[in-house]
Structures are given as C-alpha cells and as structure tokens.
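**Q** here is a sequence with its predicted model. Questions after.
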Amino acid sequence: MNNDRERVILHEWPRDPDGPTVREPPPQGVRTPNNMPWGHTLDDFYWIRPFPGVKSKVIWTRSMLDEFGENFGEQPGVPQVEPRRLRPWPLLKVPNDDALFGLVDETCNRDHSLKPRRFHAVKSTGLLCKRLFSMDTHPLAVFESTEEKIEWSAEPALMNDDAPPGTEESILEGAVKSQDRLVEDDGKDDESAMAEVFVQADDNITGGFVLESSIEGETGDRQNCTEIDVPEIIVEERCEDRHDVVTEDDTKKDESEGSKVIVETHDDLTPAERQAMESFMTTDYETVQKLEERIPEEYFPDILLVNDPSGFTMSDVPFLSRPSRMLPVRYKRVWPKLKRDGEPATLFNNDLHCSSAFHWTLTQAERYAASECRRIATLDLSGAPLLGKGGHSAVRKAGIRLPVPLTTQTGDPHVSVAAKLAFSLSEDRELLENEGRIYDAFPDHLQESYCGYNLVASMDHPVPVGACVPKFFGYYVPVQEEEEASRRQEALNRIKKEVERRREREAKREAKKIGVDEAVESTDAYVKSAEEEDDYSGEDDDDSFSDHSPLRVEEIRSPILLLEECGTPIEPEEFSEDERSECFSLVLRLHHAGFVQNSLYPRNILRQPGPLSVRPSERSLKTPSFRIIDFGRGEFVPLFVEKFLETVWSRLGPPMVLTREEIERVKEMSEIGKEEAVRWYINGTGSELRKAAKILYIKDY
Ligand SMILES: Nc1ncnc2c1ncn2[C@@H]1O[C@H](COP(=O)(O)OP(=O)(O)OP(=O)(O)O)[C@@H](O)[C@H]1O
C-alpha cells in the first residue's frame, strides 16, 4: 500500500501573540453548496492554532482567515473567487437555445475570468443510426453532426393520419393498422381462427427466447419494437381484451356518455406517443455517448415508451420465461416530482400506487389531450449490454431518446444511461423503490462537481469536490391503464349502487310517511330491512364489474431507475492514498447530507476516467472520477422520521378528530421519533465509517 499522499496542507497561519482565541463556530468563509469550507488550490488551506502558543491546530481556508481578519505575518492578499460548478462535456442540445446548452467548461484560472465557450460539433462520419423503417425502402441513414442533420432528427414527425399519400409508414403504424384490419376481417369472436393463430404465436414466442449469452449483455438479441408479426399482436389482443380501436363514432359516443370508461391496453398509444415512436431508432452501442448532464426540469420525461423485445423488464433470471414483446411498454415518472405535475395545463398523475398516468380523465379525447402536453421519451432496451448484476437487480446500458426538442450535439438522437431493473421478488422491488426515493431526496450538490477542494470534517487534508452519486434521470413504473380503468369502473359502480340504494330507501321512507305503501302492512319487517340497509358499507361486490384481481408481483414488469453510467467497481488495493481518501470523503459527504448508504463494499463505489469536463477521448484514469452507487438499503434522516411517524399514525387508525390526549401522545411520539432518528444516525454513520475505513485502507480519519 502506497503512502503517497500529495494533498496535504503545507502552510501554517502565523498567530499574533496577543491575538484572541478563535471562537466556535469558525468564520464561514467561502463554501460550496454542501456548506463545507472550500479552497481553490491546496495553497488556500492553513493550519491555525486556536490561541497563540497552544499545541493543537485546526484547519481553515484562506477565506475564513480573511474573514477572521488577523494578518500578523502581513500575508499578501489573494483574489477571492467562488467555487464553480464543473460542466460535463456538452452532449445535449436544444436547437436555437445557446444559452443553456453546448457550453464547454473552461479550465479553471486563478480568478475565474475564463468563461465557458461554445461547443463546435466535430464532423463525424462513422455514426450510424438505424431508422425504424423497413430496410428495403430505407437503407441505413448515415448521420453526420452537421446542423441540418441534427435539426432533421429533432423535427417533429408527421402523425400518421397526416402523412401525405406515398410516404412510407413506420412499421409501428403498419402493425397497428394490420391489427385493426385483422380485427375487422376475422371477427373478434371467431374462436377457431384465434386458437390457430395462438399456436403460431406460441411457437413464435418460444423461438423468440433470448439465448443466455445475449442475456449476459451481448448484442445477439437486438430487435426493434416495430418488428411486429401479426400473430404476436393477436396474442396480445386475446390476453388483454383490447378495446382501443375507436372509430370517430365511438369517440363521439364516448364523449356523450361522459362517465363511460374506455378500457385501454398497454399498447394503446396516444397520438402524441405514436409521434414519439415514429422516429424511434435502435441504439448503436458502439458509438452512443453517455449522458452526464442534468436533464433540465422543463424537458424531464413524464412518459417512457420502453422497447423491450427481450423482456428484460420482466426478469433478468435466465431460467424464467420472458414473453417476447414487440410493442413498446408505457412507463410513467414517479420521481422526481416536478412543479408542473400539479399545474392544470400539465397535470400529471405520478402517484406511485396508481397504475394510470392520468387523473380521472374519463374519455379518450381527454386522455389524448392530456397526453399532448406530456414529455415523452423512448427507452431502448433492445440488445442493451449488461453493466453489472447485483443480488437484486441487473443494470443495463440503455439508449434513451429524450423528449423533443432535446437532441444531441453529435447528431445521434440517443444518449446512454444506466437502467436498473429489479428481479421479480417483492424484496427486489422494495429495494429498487427505496433507491428511487433516496435518489429523489438527494440534493443537487451531491450530484454535481465543483472546482477546487473541500475540507470535509473530520479529515485532515483537502479533497476534490467531485459528485458523490450518479445523476438521477428518474424512477418510472409501468402503466396499466386498462386495469386502472377497471378499478375506476368498479369504484363508479359501487358509488352508483350506493346512490340507488339510498334513493330507494328515501322513497320507501316517503311512502311510509304518507301511509300509501303496502309495506305499512308489515311495518316491523320493513323497519328491520331498512336498518339493515343503513348498515350497508359499500362493500357489497356481488355484481362487481369485473373479476379483476391485482397482478402477482412476479408477473408485473420491474420499475426502472435511470442513472448516469459511472464506470466500474474500484479496486482500492491498487489505489494511491489520495484516491482512497477521495473515496472515503464521498462517504463522509453523504453522511453530512443526512444519508447512510448501508451497503458499503468496493463493488458499490465506481470509478471512471476523468475529468468529465473534457471530451471523452481526452479523459484518463490518472484523473479518475468516483461515485457511490446502490442505495436500495439507503436511509435519509427525514425519511426515517417520516416512516417512524407513519407507524404511529397507523396505530391510531384512520384519520379522525383526535382527543386532547391523543394529540399529546402524537406530539410525544414525534419527539421520540426525532430522538430515535438521531440515535439511528449516529450509530449508522459510525458503523458505516468504520466499514469504509476498512475497505479503503484508511487509518487516520
Ligand atoms: N450507475 C451505474 N453505472 C455503471 N454501472 C452500474 C451503475 N449502477 C450499477 N452498476 C453496475 O451494476 C452492479 C449492480 O448494481 P447494484 O449494486 O446497484 O445492484 P443491487 O442488485 O442493488 O446490488 P445488491 O446485491 O447490493 O442488492 C454494480 O456492481 C455495477 O457494476
């Protein structure tokens, strides 16, 4: 193990023998957004004795010393600069928006007078993107990163209905049309025809299973979501009782009936979603670049249309059968929650427990309209290489095409991200959900890098301020509109029934009052039955609308956690002392922000060539970039207290008016909750630090 630390503090600030004792808290000085003392270079850090002549020393930055104001040795002044957020090499682009996109980080001169400069795309000739049109009519389109080509790729595609005659229709469009035709031609009730097709489809599915080697991440199973053969669709049709082929008349009827729910299937793309799929392309994993910038909130995806022909979202366990699926699967964003989700014009249902992307929008026209203002991205899992596997999930490199008008500087419409997919047990799903919650809770500064160095308590040397965790690109859950529609229909039916019963009861009471009801003859019997009816709780499901029961967890698709790809697991025994202490500082910074990772192993700290502010080909492992991953077991102080209080509330039962004693009890419990959280935090961080020190060979923290 090398003792080769270079990040050390070389200076001591001379104290005035008559100077004051330094007070707690120390001067604020210049700090990074994580509220830690910051210096631009190693020379900005000084040892200082709390009072003259004492042996002990603490560390201050030059800006803290300037604020303290004692300059006994007449140290020359230095310009004070603020920490600068480091921009990753620019990849995203919005045509005609140069203010936010395409800015290259300039090197950090002493006074930060250098400003970011504009990115000029290098003309690339080798970048191939495959368009999802039929190969005989569309040879492979070759993109070069010229302005026109980039703008072409961001151009909104014509909707199929608007397509002028003679233009090629996408395979998706063709498939949906042929499905419509089949439904019309063959007749839905033709059982024998269906049975025949089902056998064909079954063969086809079996034949479509992915070989183990391709499950391990090779590109043997590359398929695009529009390579649909007709029997496949009929299987979907049979299984899902598809009701989404709606003619103009149907729509009118739908609108006029108002409360009628049209049952949708996963495949029922809205026109806006179809538009997003029309220009869909498979990812070229040889050339695709990974996304390192934040996705601006304005363009953050609401809906992910996932191309998953190999069923990676179903399970990544090779021996489990995974039905091949050729149509995109719709997912919705649950986290992060955005301000626009609650605004009337962009209302979005991101409730984790609701399998619809819509609030109670009852008609198809309403759904289509709501879908128009959605940010729709496509995620390509076809042939997605495996980045790594854990005990509960598989992480794949996936191509994402971000919502229009976002595109890239290179002309390739895709960027790559790490897509984490849970295995099929409920524990696997719970861990992934918790991880999504934790990523959502991370403050921005844990995902950003800054120039200069931090002084991270309790370390005795400065460390670079790299991001601690990968950038978070969202947690998405599968949407099952047709199930949600049945649930809503059930709820409506229950309400209707209840209203009818009440009306009947009222009518009987009225009748009794005016004495014309024949039930007067048997008053006792009537009163008894009325009492029984009054007890009605709305739980009577005798004639419930459907016999729908919730899917077993193994059957449903995994949620998807999208993260920045951050390299490969570290081997700390090979590292320099500075590298090991840099990794250690990430753990400390997480703790200072109120998070405990709870699963700290070398495999959960990743390293990649850096710095990320320069072009990928110029990065090196000599200037590495580290990140902590895997927050499935992670905890965050406020979430801990919230969970604690939830158990208190659940013990109190459903919401009601509390008595004074109960209110006192709740207050008492929330105080206990806070104390518990502090205890938990001290224990959790203490043991995690000991573990971190052990795996990173740190002796002196
Ligand atoms: N953001 C990422 N970038 C690159 N590779 C990643 C990323 N996240 C995860 N991986 C790879 O996937 C592997 C498994 O990920 P992770 O540890 O998060 O899975 P897990 O199932 O939660 O693990 P555990 O067994 O601890 O439950 C990692 O060891 C790493 O190799």
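**A** Received, thanks. Source: prediction; values computed, not measured.

**Q** for the rest of this, base every contact and every neighbour count on C-alpha atoms.
**A** OK.

**Q** show me the shaky parts of the stretch 151-300 of the chain.
**A** 151-267 (pLDDT under 70).

**Q** now the closest residue to the ligand within the stretch 451-600 of the chain: how far from residue 644?
**A** Using C-alpha to the nearest ligand atom, the single residue of the stretch 451-600 of the chain nearest to the ligand is residue 565, 3.5 Å away. From residue 565 across to residue 644, the span is 34 Å (C-alpha to C-alpha, to the nearest Å).

**Q** cool, and residue 345?
**A** 36 Å.

**Q** the more surrounded of residue 565 and residue 644?
**A** Taking neighbours as other C-alpha atoms under 10 Å, residue 565 and residue 644 compare with residue 565 leading, 23 against 18.

**Q** what strand or helix carries residue 643?
**A** For residue 643, the host element (DSSP states H and E) is helix 637-652.

**Q** ok, then the element right after that helix?
**A** Past helix 637-652, the next helix or strand by DSSP H and E is helix 660-695.

**Q** might you report the residue contacts of whatever residue of the stretch 151-300 of the chain ends up closest to the ligand?
**A** Using C-alpha to the nearest ligand atom, the single residue of the stretch 151-300 of the chain nearest to the ligand is residue 290, 10.1 Å away. Going by C-alpha atoms under 8 Å, 6 or more residues apart in numbering, residue 290 touches 415, 416, 417, 564, 565.

**Q** bridging across strands, which residues link to it?
**A** Following DSSP bridges, residue 290 is listed with bridge partners residue 416.

**Q** so which residues on this protein come close to the ligand?
**A** Proximity of the chain to the ligand, by C-alpha under 6 Å from any ligand atom, involves residues 387-395, 418, 470, 563-569, 603-604, 629-630, 632.

**Q** of those, buried ones?
**A** Among the residues of the chain next to the ligand, those buried by neighbour count (16 or more other C-alpha atoms under 10 Å) are 387-388, 392-395, 418, 470, 563-569, 603-604, 629-630, 632.

**Q** these in helices, which ones?
**A** Among these, DSSP state H puts none in helices.

**Q** need the three-state assignment for residue 490.
**A** Secondary structure for residue 490, judged by DSSP: H, G, I helix; E, B strand; the rest coil, is helix.

**Q** what does the model give it for pLDDT?
**A** Residue 490 carries a pLDDT value of 81.

**Q** for the host helix or strand of residue 504, name the packing helices and strands.
**A** Element membership for residue 504, per DSSP H and E: helix 481-514. When contacts are defined as 3 or more C-alpha pairs under 8 Å, 6 or more residues apart in numbering; DSSP states H and E, helix 481-514 sits against helix 523-534.

**Q** for the residue in the stretch 1-150 of the chain that the ligand sits nearest to, what are its contacts?
**A** For the stretch 1-150 of the chain and the ligand, the shortest gap (C-alpha to the nearest ligand atom) falls at residue 88, measuring 15.9 Å. For residue 88, the contacting residues are 104, 105, 292, 293, 612, 613, 614, by C-alpha under 8 Å, 6+ apart.

**Q** restricted to strands, list those residues.
**A** residue 104 (DSSP state E).

**Q** just send the contacts of residue 88 back as a markdown table, with distance to residue 691 and neighbour count too.
**A** Formatted as a markdown table, those follow (distance: C-alpha to C-alpha, whole Å; neighbours: other C-alpha atoms under 10 Å):
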| residue | distance to residue 691 | neighbour count |
| --- | --- | --- |
| 104 | 38 | 21 |
| 105 | 36 | 22 |
| 292 | 29 | 24 |
| 293 | 31 | 18 |
| 612 | 29 | 24 |
| 613 | 31 | 19 |
| 614 | 34 | 17 |
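
**Q** give me the nearest residue to residue 6, chain neighbours excluded.
**A** Spatially, and ignoring its direct neighbours in sequence, residue 6 is nearest to residue 578 (6.8 Å; C-alpha to C-alpha, 6 or more residues apart in numbering).

**Q** specify the angle between the helix or strand containing the one you found and helix 660-695 in degrees.
**A** Assigned by DSSP H and E, residue 578 belongs to helix 577-592. If you take axes from the mean of the first three to the mean of the last three C-alpha atoms, to 10 degrees, helix 577-592 sits at 180 degrees to helix 660-695.

**Q** quick check: mean pLDDT across helix 577-592?
**A** On average, helix 577-592 scores 97.

**Q** pull the residues that contact it.
**A** For helix 577-592, contacts defined as C-alpha under 8 Å, 6+ apart pick out 2-7, 446, 456-457, 459, 463-464, 468, 572, 596, 605, 626-628, 685, 689, 692-693, 696-698.

**Q** restricted to strands, list those residues.
**A** Checked against DSSP E, these include these in strands: 463, 464, 596, 605, 626, 627, 628.

**Q** what is the burial count for residue 299?
**A** Residues near residue 299, counting by other C-alpha under 10 Å: 16.

**Q** that one contacts residue 377, correct?
**A** No - taking contacts as C-alpha atoms under 8 Å, residue 299 lies outside contact range of residue 377: 9.6 Å.

**Q** list residues touching both of these two?
**A** In contact with both residue 299 and residue 377: 402, 403, using C-alpha under 8 Å, 6+ apart.

**Q** circling back to that earlier point, so the residue of the stretch 1-150 of the chain closest to the ligand: helix, strand or coil?
**A** coil.

**Q** and residue 47, what helix or strand is that in?
**A** Applying DSSP H and E, one finds residue 47 within strand 45-48.

**Q** and that strand, what does it pack against?
**A** By 3+ C-alpha pairs under 8 Å, 6+ apart, strand 45-48 packs against strand 11-12, strand 58-61.

**Q** take these and lay them out in TSV including distance to residue 488.
**A** Output for the helices and strands packed on strand 45-48, formatted as TSV (distance: least, C-alpha to C-alpha, whole Å):
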stretch	distance to residue 488
strand 11-12	70
strand 58-61	61
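
**Q** most tightly packed of these?
**A** strand 58-61 (a mean of 22; mean count of other C-alpha atoms under 10 Å).

**Q** any idea how the protein splits into domains?
**A** 1-83, 128-453+475-480, 491-517, 567-701 (automatic domain parsing).

**Q** might one say that residue 36 is in contact with residue 453?
**A** No - at 9.6 Å, residue 36 does not count as touching residue 453 under the criterion of C-alpha under 8 Å.
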